[in-house]
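A.B. asks: what shape does this take:
(chains A and B)
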Amino acid sequence: MPSLELNDVGKAYGAVPVLDGVSLAMEGREFVAFLGPSGSGKSTLLRIIAGLETADRGEVWLEGRRIDMLPPGERGVAMVFQHYALYPHMTVFENMAFGLRNAGVLREEIAARVGEAARVLEIESQLEKKPGQLSGGQRQRVAIGRAIVKQPRLFLLDEPLSNLDAALRMRTRVELAQLRQRVDAAVIMVTHDQAEAMTLADRIVVMADRRIQQVGTPMDIYARPANSFVARFVGSPAMTLAPVTLLDGEGAHARVRLADGAEIQTRVPRGSLDPGAAHDIGLRPEHVHVVATDAATLTAKADLVERLGDRTFVYARLGGDLPITAEDAGDSRVRIGDTIGLRIDGAAAHLFAANGTAHHAEAAG
Amino acid sequence: MSAAAAPRLSPVALMLVILGAAIMAAPLLWTLLLSFKPNADLMRDSGTAFSAPYTLENYAAILQGSSLVRWLVNSLIVSLGTTIGVLILASLAGYGFARLDFPFRRTLFVFVLLGLAVPEQAVILPRHQLFAWLGLHNSYPGLILPGLVGPFGVFFMTQYFRAIPKELDEAAMLDGASRLTIFWKVLLPLTWPAQATLGVFTFLGSWNDYWWPLISATRSDRFTLTIGLASSQMNYAQTSGLGFLMAQAVFASVPILIVYVVFQKQIVRAMAGTAAR
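C.D. replies: Just a heads-up that it's a prediction; the model follows:
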């Protein structure tokens, strides 16, 4: 039985649709990330699951029980808000105990649960403080603690790391991953940060334009994006998409030509493509290598060089002004304005039809 | 740290501030001195305020025989009743306008705001008539009820509730709290600064109100301080009881002084807020 099931959930604010027939099933104690740009509907979907918004249509089921008609407090879900939403006039203990008191949990049980959560989250010494006396990271932990003590069947995390600085974000990300091992519940996290989604989630739900674009494991999403939106949105730097012409030929796999005349042999099955239609080739930076110009498939002019230490990304322009991103070694000597040679790993290239549908390379062998 | 951050006044500005404070304080000081002078001395020359003898007999007279204590109690009942009522009603209405979704909410709120534009003079006669029909004149409800109709309080509390992040309501809803629990345990405690400001101003306004008590309270035992003191002034100011009158004024100022001292921070903050706007 799925832990959470969404059936054809739809929502509009007046005449503006924000969700259009979203369906999803989560299995067991899965950690699922809703990933998408602003306005994609991911936060609205989370709020519908929480009961903070009502869907115009569709159903929400949690562990075999339909919950979309229930008030938020009776759904068996707990939520960590983006801005924590701690009660400023209550102590940390009172914040964590508030939901339990409303549920009529006995005083001793409340003390035990709050104490245990505080111990796990290392905030035992903060229990008598007010949220205003805590750092951002500590507030985050209190917000998580408030959710944990309720022992929900489903945790909802609304951009939980977005208010933290870079160092704390990394640490909290690790803590969230550890926390997930400790709680017996499914987790949904909304984020627009793909690194968070990739590192934390078992599965990612990519959303855009009011719909689910793709559901899959992080590597599925990265390696086999369902369409050009997912291809561009997931991965940093983004995948290069460049228009190509399909070349006639006898081979099983498509051969394409870029606008500047360079030809690339892919491993995308020719039979899946419409020969007369326009296509884009999709290339991850790690499949475009900077090489000496005499050994290159094509040449480009470097616009920007991003040195990350262990590797270097070169943002360049092909003939016809097409942008392309390539990867080079950490000690790359490429400088802005240089003409560089590029070698493309065509076997890893994707092709996208004009409507965005992806065609992936066949596995080698 | 805060002292270091405070702007330093130039000597000229400091002198002006001291001069202004002296001008403001002088009549109060004079009133205080007069209140300790025997009435007979003041009959001869009120300039004797600055020289001995001084006496407590005027204050003793207040406690022994005058109606001042009665008027003081009346003022306290009316002002506290009005303040508590306004805080309850304005908080509930403010919460409703800020958080609840109900038909004609915007229209009703506009009506409330229109109430700010209606001067008391425009409604005083119908109100007098209405209260006469209801038999509320010369009663505490008659003195308290008009003060409860406070569009400013509703507007003020609505704005304050609106400024509280809705995420707190939502967190409480997920914590299984009812609407009433959210209002009572989550939001209302956060409005304490607004309650204090509104409460102080309502109390002061009610305490100092002159017009409506003058119309509604015609019996001496229902006079508030403002009306009582005014009636004393008409009787005695030009005659034998100047020291006694001043003692009454000082005595009557004590509660208001306490309010100012206790709620100094809220009053200054509210004034500063008004000035900033």
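
A.B. asks: please count neighbours and contacts with C-alpha atoms only from this point.
C.D. replies: Will do.

A.B. asks: center of chain B - which residue?
C.D. replies: B:Leu204 (0.9 Å; C-alpha atoms, centre = their mean).

A.B. asks: distance of it from A:Asp260?
C.D. replies: Separation of B:Leu204 from A:Asp260 (C-alpha to C-alpha, to the nearest Å): 82 Å.

A.B. asks: ok, A:Val244 next?
C.D. replies: Distance of A:Val244 to A:Asp260, computed by C-alpha to C-alpha: 10 Å.

A.B. asks: and the two? which has more neighbours close in?
C.D. replies: Each of A:Val244 and A:Asp260 has its neighbours counted (other C-alpha atoms under 10 Å in any protein chain shown); A:Val244 has more, 23 against 14.

A.B. asks: grab the nearest non-local neighbour of the more buried one.
C.D. replies: Leaving aside its sequence neighbours, A:Val244 sits nearest to A:Leu258 (C-alpha to C-alpha, 6 or more residues apart in numbering or on different chains; 4.7 Å).

A.B. asks: roughly how far does the residue nearest to the centre of chain B sit from B:Pro151?
C.D. replies: Distance, B:Leu204 to B:Pro151, using C-alpha to C-alpha: 17 Å.

A.B. asks: assign a three-state SS to A:Met26, would you?
C.D. replies: Secondary structure, DSSP: H, G, I helix; E, B strand; the rest coil: A:Met26 is strand.

A.B. asks: and it, how far from A:Ala167?
C.D. replies: Distance of A:Met26 to A:Ala167, given as C-alpha to C-alpha: 31 Å.

A.B. asks: neighbour count winner among these two?
C.D. replies: Between A:Met26 and A:Ala167, counted using other C-alpha under 10 Å, A:Met26 has the larger neighbour count: 20 against 9.

A.B. asks: ok so, going back, isn't the residue nearest to the centre of chain B right up against B:Leu257?
C.D. replies: No - between B:Leu204 and B:Leu257 there is no contact under C-alpha atoms under 8 Å: 10.3 Å.

A.B. asks: list the contacts of residue 212.
C.D. replies: Answering for chain A, as no chain was given. A:Ile212 makes contact with A:22, A:205-206, according to C-alpha atoms under 8 Å, 6 or more residues apart in numbering or on different chains.

A.B. asks: my question was about chain B
C.D. replies: Residues near B:Trp212 by C-alpha under 8 Å, 6+ apart: B:124, B:143.

A.B. asks: wasn't it part of a helix?
C.D. replies: Yes - counting by three-state DSSP, B:Trp212 is found in a helix.

A.B. asks: I figured B:Leu174 was touching A:Leu70, is that so?
C.D. replies: No - using C-alpha under 8 Å, B:Leu174 makes no contact with A:Leu70, being 11.2 Å away.

A.B. asks: what residues do these two have in common as contacts?
C.D. replies: Listed as contacting both B:Leu174 and A:Leu70 by C-alpha under 8 Å, 6+ apart is no residue at all.

A.B. asks: who's more crowded, those two?
C.D. replies: Taking other C-alpha under 10 Å, B:Leu174 and A:Leu70 do not tie; B:Leu174 has more neighbours (24 against 12).

A.B. asks: which residue packs closest to that one, ignoring adjacent ones?
C.D. replies: Computed as C-alpha to C-alpha, 6+ apart, the closest residue to B:Leu174 that is not its neighbour in sequence is A:Gly73, at 4.4 Å.

A.B. asks: confidence score at the one you found?
C.D. replies: On the pLDDT scale, A:Gly73 is placed at 94.

A.B. asks: number of nearby residues for it?
C.D. replies: 22.

A.B. asks: who's in contact with it?
C.D. replies: Going by C-alpha under 8 Å, 6+ apart, A:Gly73 touches B:173-177.

A.B. asks: so where's the stretch 201-350 of chain A uncertain?
C.D. replies: By pLDDT under 70, the stretch 201-350 of chain A has no low-scoring segment.

A.B. asks: show me the helices in it, by range?
C.D. replies: Assigned helices in the stretch 201-350 of chain A, in chain order: A:218-223, A:228-233 (criterion: DSSP state H, counting those that start in this stretch).

A.B. asks: please see if the longest helix seen in chain B touches chain A.
C.D. replies: When chain B is parsed with DSSP state H, its longest helix is helix B:68-99. No - counting by C-alpha under 8 Å from any C-alpha of the partner chain, chain A has no neighbours in helix B:68-99; the shortest distance is 13.6 Å.

A.B. asks: which SSE is immediately downstream of that helix?
C.D. replies: Later in the chain than helix B:68-99, the nearest helix or strand by DSSP states H and E is helix B:105-116.

A.B. asks: surely B:Thr202 meets B:Leu80?
C.D. replies: No - taking contacts as C-alpha under 8 Å, B:Thr202 lies outside contact range of B:Leu80: 9.0 Å.

A.B. asks: which of these two has more residues huddled nearby?
C.D. replies: Higher neighbour count among B:Thr202 and B:Leu80: B:Thr202, with 24 against 19, using other C-alpha under 10 Å.

A.B. asks: many thanks, have a good one.
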